[in-house]
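Asker: Provide a 3D model corresponding to the input given below.
(one chain, ligands or ions: 2)
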Amino acid sequence: SACSSRFVLSQMHPMWQEPLEVPGGERQSPIDISIRKSVFDPNLKPLVTRYDPRTCQQIWNNGYSFLVEYDDRTDKSTLHGGPLEDQFRLCQFHFHWGENNNWGSEHTVDRHLYPAELHLVHWNSDKYSLFEEAVMEDNGLAVIGVFMKVGKRHEGLQKLVDALPAVRHKDSVVEFTKFDPSCLLPQNTNEYWTYAGSLTTPPLTEAVTWIIMKQPIEVSHDQLAVFRSLLFTSAEEEVQKSMVNNFRVQQSLKDRTVRSSFN
Ligand SMILES: NS(=O)(=O)c1ccc(S(=O)(=O)c2ccccc2)s1
Ligand SMILES: [Zn+2]
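Answerer: Ligands and ions are numbered 1, 2, ... in the order given. Predicted coordinates:
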C-alpha cells in the first residue's frame with residue numbers, strides 16, 4: 001500500500017528533535033484531551049468501520065514503529081460516519097509505546113498516560129485517488145486512536161505479537177494476511193473525542209481528523225514486552241537500540257476545541 005511504503009519517514013533518529021517549524025503549526029498532534037473542556041456534539045454520528053481481512057498484506061518495521069499494511073487500491077476496508085463527511089480507506093495501523101507501563105501513549109486524557117496507543121490510518125478516497133494526494137489536504141486523513149492498558153491478554157493481538165520477531169530490525173518486512181483490525185477496537189466505539197490535528201511523525205502535515213476512543217483495550221504485560229523487543233536499528237548497525245518511547249511530545253491545543261460524541 002502506498003500509505004507508508006513510498007513515504008520514507010524522515011531519517012532523523014526516532015527520538016528526533018522537534019523540527020524548528022512545522023507546516024502551519026496551528027493544529028499539531030498529539031494533545032492532552034481535557035474532559036471538562038471538550039464539547040458534546042449531538043450531531044456526531046456512530047463510527048462505521050468495514051474492514052476486509054483479505055486486504056491485510058504485511059508487517060513492516062520502518063524504524064519508528066511497526067506498520068500492518070493493507071491493500072488500499074479499492075474500497076474494501078473503509079471507515080465513515082462519526083465526524084466524517086466522506087468515506088475513508090484503511091491503509092495501515094501501527095502503535096506507539098513506552099519503555100515501561102507508566103507511559104507510552106501519544107494522547108492523554110486529563111493528563112492520564114497509557115502504556116501504548118494504536119493508530120488506524122485512513123485516507124479520504126471520496127476526494128482523492130491516491131494516499132499521497134490526501135496527505136497534503138486538511139481533510140485528507142482520518143486516524144482512529146485506541147488507548148491500550150495492561151490487563152488480560154488480547155487474543156486478537158497475539159497473532160500480530162507472534163509475527164514481531166520476524167521484523168525485529170528496521171526495514172524488515174514479513175507477509176501478514178487475513179487480519180481483521182476491528183478485533184483491536186473497543187466494544188464501545190460510540191464514545192469518542194474528535195479534533196483537527198496532524199501526523200505525529202514527520203512530515204507532521206496538518207491533514208488528520210483524529211478520532212480517539214474513550215474505552216481502552218486491554219493487552220497483557222507480556223504482549224507489550226514483545227513490542228519493546230523490536231529495534232529502531234537495522235541489522236547492519238553495530239549498536240542496536242530498543243524500539244521504545246516512540247511517541248511525540250504533546251502539542252499546544254491553540255485555537256481548537258475537542259468534541260465528544262457522548263455527554
Ligand atoms: N502517528 S500518525 O498516525 O500520526 C502517523 C504518522 C505517519 C503516518 S503514515 O505512515 O501514514 C505517513 C503519512 C504521510 C506521510 C508519511 C507517512 S500515520
Ligand atoms: Zn501513530
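Asker: and the pLDDT at the spatially closest residue to residue 232 that is not a sequence neighbour?
Answerer: Nearest residue to residue 232 in three dimensions, chain neighbours excluded: residue 241, at 4.4 Å (Cβ to Cβ, 6 or more residues apart in numbering). (C-beta placed from N, C-alpha, C; glycine too.) As predicted, residue 241 sits at a pLDDT of 97.
Asker: quick one, helices of this protein?
Answerer: 2-5, 131-134, 155-163, 221-227 (DSSP state H).
Asker: of all those, which one is nearest residue 202?
Answerer: helix 2-5 (12.6 Å; Cβ to Cβ).
Asker: want to throw the helices of the chain into TSV with mean neighbour count?
Answerer: Putting the helices of the chain into TSV (neighbours: other Cβ atoms under 10 Å) gives the following:
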stretch	mean neighbour count
helix 2-5	19
helix 131-134	19
helix 155-163	16
helix 221-227	17
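Asker: where among these is average confidence lowest?
Answerer: Taking the mean pLDDT of the helices of the chain, helix 2-5 comes last: a mean of 58.
Asker: residues in contact with the residue nearest to residue 232?
Answerer: 231, 232, 233 (Cβ atoms under 8 Å, 6 or more residues apart in numbering).
Asker: isn't residue 179 right next to residue 162, touching?
Answerer: No - assessed by Cβ atoms under 8 Å, residue 179 is found out of contact with residue 162, at 11.5 Å.
Asker: returning to that earlier point: and the residue nearest to residue 232, how far from ligand 1?
Answerer: In this view, residue 241 and ligand 1 are 19 Å apart by Cβ to the nearest ligand atom, to the nearest Å.
Asker: go on, residue 184?
Answerer: 14 Å.
Asker: the closest residue to that residue other than its chain neighbours: neighbour count?
Answerer: Excluding its sequence neighbours, the residue lying closest to residue 184 (Cβ to Cβ, 6+ apart) is residue 118, at 5.8 Å. Residue neighbour count, defined by other Cβ atoms under 10 Å, stands at 24 for residue 118.
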